[in-house]
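predicted model and sequence follow; I will ask about them next.
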Amino acid sequence: MGHSLCRKKPKHDDGVNLKQFRVISDSTDERAKHVTIYDRWNLEGTREFIGKLKPYLKEDNIILTTENTYQQTFVAKKQPPLLVLCWHYSRIETDIRYSLEYIDSTKYKRLIVILLHWKKDDIERHAASQAADSSLMFIDAFVQKDKDNIKVAAKEIKKGIRDRTI
């Protein structure tokens, strides 16, 4: 967190009193959104994806924190939505259920599920929107080397964060 020091008038001329300083937060810190990404998979691939995503979100003052254990507080009101990572390994519905297993379905309106695909030509790309509750928001992200869509996914995530922040 960035801070600046503002000096008040000293009470005494004979030395510096530490009480004469007060801390003022930078305006950029106040505008930053702190967003949690829930990575139940906790694999090298998800960590790599998060590492690529962070700089794109930081451009819009979105600070990303990663958690591997779900807590209900992640989807509290008046907070940005929770980003949930979901690998599309084999059966998309099973993969989605695994990622959302501990999350109460009443919280789905506060989630953005990022569906990570191994390859760009994944023919089941849109199956996520048909596979789960319609209140969920899905964003497709492709993690194949040199064919990823990180910029597009980041743009969709930023829009989702704006639209789902209550």
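Received it, and whenever you're ready, just let me know what you need.

so the protein: which segments form each domain?
According to automatic domain parsing, the chain comprises the domains 1-30, 32-164.

quick one, which of the ones you listed is packed in tightest?
domain 32-164 (a mean of 16; mean count of other C-beta atoms under 10 Å). (C-beta placed from N, C-alpha, C; glycine too.)

what's the end-to-end length of that domain?
The first and last residues of domain 32-164 sit 16 Å apart, counting by C-alpha to C-alpha, to the nearest Å.

ok so, going back, pick out the shakiest of the domains of the chain, pLDDT-wise.
Note on the domains of the chain: lowest mean pLDDT is at domain 1-30, with a mean of 44.

let's verify residue 66: helix, strand, or coil?
Assigned by DSSP: H, G, I helix; E, B strand; the rest coil, the conformation of residue 66 is strand.

quick one: it and residue 53 touch, right?
No: Residue 66 is beyond contact range of residue 53, at 10.2 Å (criterion: C-beta atoms under 8 Å).

my guess is residue 135 contacts residue 108, does it?
Yes: using C-beta under 8 Å, residue 135 makes contact with residue 108 at a distance of 4.4 Å.

could I get the full set of strands for this protein?
Assigned by DSSP state E, the strands in the chain fall at 3-7, 21-25, 33-38, 62-67, 82-88, 111-117, 137-142.
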